[in-house]
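**Q** Sequence and predicted model, in that order:
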Amino acid sequence: MARRLYFSRNSWVLAISSAVWSIGGSMVNPFQSLFYYALGSPALYIGVLAAVSSATTAISYIIGGAIADSYGRKRVITIFSVVAAASSFIYIFVFSWPFLFIPIIVGALSGVYSPAFNATINDSVPPEMRPVAFASFTLITTLPSVFMPYVGGLLVQRYGTLLGLKMGFFCSGALGLGATLWRAKNLEETHSGKPIHGVGVISSFKQTISAYKTAPTAAKRLLLYSLLASMATGLSTVYVSIYVVNSLNIPPAYYGVLVGLSSLVTIALVLPAAGIVKRLGLRRAAVLSALFSPISMLTFVSAAGMMDLVAWSVTGGISGALLSPSIQTLQGNLTRKEQRGRWMGMFALVPLIGTAPFQVLSGLLYSVSPLVTFAASIPFYAAAVYVLSKVNPEVTDG
């Protein structure tokens with residue numbers, strides 16, 4: 001059983017800065033769909049807004065993966081972290097739902113730094129320590145999510161959905177800028193790369209395809225798992241807060257408690273989970289974590305009140321604890337360092353490609369019957385588990 005935290009210098013810097021950012025982010029993220037709804041967005045178009053975010057982020061990941069391998073990691077992380085913080089401030093000035101496209105697109109463009117971020121952690125940690133390192137990272141960055149969703153719910157109840165969450169967006173932007181400045185000062189570069197002139201969507205896409213063709217079969221299967229799981233989450237996540245608050249009549253603060261409880265379970269289990277990964281092996285541990293996703297959704301679909309939702313929250317927290325050390329370790333082990341930025345981009349890109357159309361579909365299904373969209377996700381979760389069971393977790397490069 002893993003009982004100690006493990007951090008390299010870089011993973012420590014990234015964990016602390018992400019945790020500070022999460023203090024504000026976890027106040028508003030669980031309630032974003034409610035924010036869109038309060039601005040007057042029709043229920044159907046909330047799925048469209050989410051899909052636009054996913055599609056724009058997908059393009060950002062393509063470019064970000066190539067830049068991370070060509071120009072290094074640190075610069076892109078710093079620049080686009082500032083863009084992410086700026087998007088939080090823009091939400092404050094939105095008073096009509098069509099204008100939501102502005103902060104949504106700006107925030108999605110900041111996804112350029114995500115492949116470099118994930119590649120930096122993998123670059124900085126030896127393969128045998130990755131399960132504990134990612135478990136440690138998850139523990140630190142999840143801490144604010146235990147308490148701050150409840151604070152966000154209280155803001156909604158006290159000041160209303162719009163004003164309360166705009167206060168949260170301000171906190172998120174301010175803390176994000178502060179965390180970015182501290183991160184820029186302390187983060188060390190892990191890969192200098194060889195600059196390629198004219199990095200754009202087309203050239204980045206070509207580099208990504210080249211990396212895919214030379215990758216082992218196990219990495220491609222892991223990518224397929226990510227695609228199937230993203231289709232399921234596209235159906236199951238967009239309307240959760242609206243359904244819980246508006247259909248089940250759970251107060252926003254209580255919904256914040258449910259989100260916090262899930263995070264608390266993740267924190268309690270994440271270090272033991274790293275030990276489970278070592279004991280069971282990567283593939284078995286990954287499959288076990290993935291199994292909790294359909295179980296959690298079955299619990300949610302059958303929920304009739306707060307106690308049922310507690311069971312949903314706990315099973316989701318268990319999945320989160322196991323998922324990070326197993327899946328992220330597989331991603332690092334199955335990719336070579338010189339292509340890792342592009343592969344981290346693909347591991348982020350492919351789920352978004354799967355998510356976007358299913359987020360639109362979720363809006364159509366939700367308008368027919370709220371429970372239909374959640375139930376429709378379960379077969380996709382099950383298919384993802386099957387594919388994951390076929391992944392051979394060999395180490396390709398340290």
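**A** Thanks, I have it.
**Q** what sits against the nearest residue to Ile327 once chain neighbours are set aside?
**A** Leaving aside its chain neighbours, Ile327 sits nearest to Ala286 (5.8 Å; criterion: C-beta to C-beta, 6 or more residues apart in numbering). Heads up, the C-betas are built off the backbone N, CA and C, glycines and all. By C-beta atoms under 8 Å, 6 or more residues apart in numbering, the contact list for Ala286 reads 322-323, 326-327, 330, 388, 391, 393.
**Q** So Ile390: helix, strand or coil?
**A** I think there's a mix-up here, since residue 390 is Lys and not Ile. Classification of Lys390 using DSSP: H, G, I helix; E, B strand; the rest coil returns coil.
**Q** Might you report the residue contacts of it?
**A** Arg221.
**Q** Roughly how far does it sit from Ile90?
**A** Counting by C-beta to C-beta, to the nearest Å, the gap from Lys390 to Ile90 is 43 Å.
**Q** Kindly report the same for Ala135.
**A** When Ala135 is compared with Ile90 (using C-beta to C-beta), they lie 34 Å apart.
**Q** So which of the two has more stuff around it?
**A** Ala135 (29 against 18; other C-beta atoms under 10 Å).
**Q** isn't the more buried one right up against Leu271?
**A** Yes - using C-beta atoms under 8 Å, Ala135 is in contact with Leu271, at 5.4 Å.
**Q** for the residue nearest the centre of the chain, what are its contacts?
**A** Among the residues of the chain, the one closest to the centroid is Ala348, at 8.9 Å (C-alpha atoms, centre = their mean). Ala348 makes contact with 57, 61, 111, 114-115, 118, according to C-beta under 8 Å, 6+ apart.
**Q** Neighbour-wise, give me the winner out of these.
**A** Pro115 (33 neighbours).
**Q** Against Leu248, how distant is that one?
**A** Counting by C-beta to C-beta, the gap from Pro115 to Leu248 is 38 Å.
**Q** How many residues are close by Gly305?
**A** Gly305: 10 neighbours (other C-beta under 10 Å).
**Q** nearest spatial neighbour of it, skipping sequence neighbours?
**A** Using C-beta to C-beta, 6+ apart, the closest residue to Gly305 is Leu248 (7.2 Å).
**Q** What's the per-residue pLDDT of that neighbour here?
**A** pLDDT for Leu248: 92.
**Q** I figured Tyr45 hits Tyr366, correct?
**A** No - counting by C-beta under 8 Å, Tyr366 is not a contact partner of Tyr45; they are 11.2 Å apart.
**Q** More neighbours: which of these two?
**A** Neighbour count, other C-beta under 10 Å: between Tyr45 and Tyr366, Tyr366 has more, with 22 against 19.
**Q** My guess is the more buried one contacts Ala43. True?
**A** Yes - using C-beta under 8 Å, Tyr366 is in contact with Ala43, at 6.1 Å.
**Q** what's downstream of the worst-scoring helix or strand of the chain on mean pLDDT, the next helix or strand?
**A** Sorted by mean pLDDT, DSSP states H and E, the helices and strands of the chain end with helix 201-213, the least confident at a mean of 61. Downstream of helix 201-213, the first helix or strand assigned by DSSP states H and E is helix 217-236.
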